[in-house]
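Take a look and give me a structure for this.
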Amino acid sequence: MTKSEFLVQLKKALQDKLSSTAVQENMDYYDRYIIEETAKGKSEQEVVDMLGDPWILARTITDASDGTDWETVYEAGSDKGTSSHEERGYHQDRKGTHMFVLNTWVHRILLILFVVMLIMLIISVISGVVSFLAPVLVPLLIVMFVVRLFGGRRS
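Alright, predicted model coming up:
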């Protein structure tokens, strides 16, 4: 299969399932990826074979579009390859704002665990400070209380 055949099949598979912007982003990404890999010395056929079936790749992309971040999509799409998506320059080409979305249960559980651990850390720091200062502060407070208690009777 040639690069153009691969891209046509991928576009057909993605058109009904993603927005036109998302389809175009994916088409641009895989076009650039194939060009970069062929520039490294691989044949176009090797790169297309490495990517696998465009219909399966499209299924992976559409399944991951429900909230999984883009890295997962591109890792799954090129898991047969040897180069990482950072080496392919994907993150450098991507512009815009990345929003932190909590639309999967895993993200929500991780957020809850993070908050619980943060609260435990704060409590442990406070208790550590109190246990460190208690041997000094408790006798000092007792002395101050006694001085005020008996110091007020002289007048």
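
give me the low-pLDDT residue ranges for the chain?
By pLDDT under 70, the low-scoring segments of the chain are 66-103, 152-155.

Okay, residue 64 and residue 17: tell me how far apart.
11 Å (C-beta to C-beta, to the nearest Å). C-beta: built from backbone N, CA, C; applies to glycine.

Looking at these two, which has the bigger crowd around it?
residue 64 (18 against 14; other C-beta atoms under 10 Å).

What residue spans form the domains of this protein?
The chain breaks down into these domains under automatic domain parsing: 3-93, 100-155.

Of those, flag the one that's most buried.
domain 3-93 (a mean of 16; mean count of other C-beta atoms under 10 Å).

Now do the contacts for residue 23.
Shown in contact with residue 23 (C-beta atoms under 8 Å, 6 or more residues apart in numbering): 11, 14, 15.

Next up, identify which helix or strand it is on.
If you go by DSSP states H and E, residue 23 is part of helix 20-39.

any idea which helix or strand comes after that helix?
Scanning forward in sequence from helix 20-39 by DSSP H and E, the next helix or strand is helix 44-51.

on that earlier part again, return the closest of the contacts of residue 23 with respect to residue 1.
Among the contacts of residue 23, residue 11 lies closest to residue 1 (C-beta to C-beta), at 13.9 Å.

Just to check, that closest one is in contact with residue 27?
Yes - counting by C-beta atoms under 8 Å, residue 27 is a contact partner of residue 11 at 5.8 Å.

how close does residue 133 get to residue 125?
13 Å.

and what of residue 25?
From residue 25 to residue 125 the distance is 45 Å (C-beta to C-beta).

any idea how far residue 5 lies from residue 59?
Residue 5 is 18 Å from residue 59, where distance means C-beta to C-beta.

now do residue 148
The gap separating residue 148 from residue 59 is 77 Å, by C-beta to C-beta.

Longest helix of this protein, counting residues only.
Longest helix in the chain by number of residues (criterion: DSSP state H): helix 105-151.

send the alpha carbons of the helix or strand harbouring residue 58 over as CSV?
Following DSSP H and E, one finds residue 58 within helix 54-64. Only the C-alpha atoms of helix 54-64 are listed here, as CSV (Å, rounded to 0.1, in the frame of the first residue of the first chain):
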residue,chain,number,x,y,z
PRO,A,54,-5.6,2.3,8.5
TRP,A,55,-9.0,1.1,9.6
ILE,A,56,-7.6,-0.3,12.9
LEU,A,57,-5.6,2.9,13.4
ALA,A,58,-8.7,5.0,12.8
ARG,A,59,-10.6,2.8,15.3
THR,A,60,-7.8,3.5,17.9
ILE,A,61,-8.0,7.2,17.2
THR,A,62,-11.8,7.4,17.5
ASP,A,63,-11.8,5.2,20.6
ALA,A,64,-9.2,7.4,22.2
